[in-house]
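> Fold the following and give me the result.
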Amino acid sequence: ATLSAPSRLTAESHSDNELPPEFQYFRHGDGDARIISATLADDVGNCVEHYQMGETLHLQLEVEYHKPLAEHIIGMHIRDARGTDVIVLNTYQEKTELPAVHAGERLRFTIACPIDIKPGWYSISATVAYGQHQMQWMDWVDCLLVFRIVDPRPDRLVFGVHYPSGIEISCSSCTTARAA
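Presented below is the predicted three-dimensional model:
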């Protein structure tokens, strides 16, 4: 089984009739492993098409391996509508050890990460690679899924990543008063 291009969302599925921009689906790799299913879910496992800022994105991938491998990594890219990588992570960088696999074996992965980025449309690209330092992929699917981030506070303007706490801003004078 293989994935087809992601289905486009329709205006009927969104009350504001905003459609996602066209994201270009593209797949490459040598085929020694294939991503055979992908879904986005909320904290309780329900499939979703959008997240509110501050929620946790759960990308669920099912991967089928076509040859035995002692090492492999799974990765995810979240890109904005302009194609800019906003979040990029993989199992190697997150220090997640994966088991060796046999030909014909299927594994299910869930990547969970907080999604505190500005509202808008985003795509997810998913990858299966031999390792962190080899630039060779078994499967890479650009624009595998398209989703939307919404802000629960419509009065707020977010420019990039939102840091909800821990930032302090202070102001003090840096000039001395002149004597009259």
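> For this protein, just list every one of the strands.
Here the chain has its strands, by DSSP state E, at 26-28, 33-41, 50-52, 56-65, 73-80, 85-90, 106-114, 120-129, 137-150.
> Buried deepest among those, which one?
Of all the strands of the chain, strand 120-129 carries the top mean neighbour count, a mean of 22, counting by mean count of other Cβ atoms under 10 Å. Backbone N, C-alpha and C define where each C-beta goes, glycine included.
> now the angle from it to strand 73-80?
For strand 120-129 against strand 73-80, the angle by axes from the mean of the first three to the mean of the last three Cα atoms, to 10 degrees is 160 degrees.
> Check which helices and strands strand 120-129 is in contact with.
Counting contacts by 3 or more Cβ pairs under 8 Å, 6 or more residues apart in numbering; DSSP states H and E, strand 120-129 is packed against strand 33-41, strand 56-65, strand 73-80, strand 85-90, strand 137-150.
> Would you enumerate the residues in contact with the nearest residue to residue 93 once chain neighbours are set aside?
Using Cβ to Cβ, 6 or more residues apart in numbering and skipping the chain neighbours, the partner closest in space to residue 93 is residue 132 (7.3 Å). Taking Cβ atoms under 8 Å, 6 or more residues apart in numbering, we find residue 132 in contact with 73, 90, 92-93.
> Could you rerun that using 10 Å?
Going by Cβ atoms under 10 Å, 6 or more residues apart in numbering, residue 132 touches 71, 73, 75, 90-93.
> about what we covered before: residue 156 is nearest to which of the helices and strands packed on strand 120-129?
strand 137-150 (11.5 Å; Cβ to Cβ).
> Next one, pLDDT for residue 163 please.
Looking at residue 163, its pLDDT reads 58.
> when you give positions from now on, start the count at 556
Got it, first residue is 556 now, which makes that one residue 718.
> and the nearest residue to residue 707 once chain neighbours are set aside, what does it touch?
Closest residue to residue 707 apart from its sequence neighbours, by Cβ to Cβ, 6+ apart: residue 607 at 4.9 Å. Contacts for residue 607 (Cβ under 10 Å, 6+ apart) come out as 597, 670, 674, 704-708.
> Is it possible to get TSV of these that adds pLDDT?
What follows is the contacts of residue 607, written out as TSV (pLDDT from 0 to 100):
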residue	pLDDT
597	94
670	88
674	91
704	93
705	93
706	90
707	89
708	87
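> ok, of these, which one's closest to residue 652?
Distance to residue 652 across the contacts of residue 607 (Cβ to Cβ) is lowest for residue 670, with 25.1 Å.
> how many neighbours does the closest one have?
20 (other Cβ atoms under 10 Å).
> For the residue nearest to it when sequence neighbours are not counted, report the pLDDT, please.
The shortest distance from residue 670 to any non-neighbouring residue, by Cβ to Cβ, 6+ apart, is to residue 612 (4.5 Å). Model confidence at residue 612, expressed as pLDDT, equals 93.
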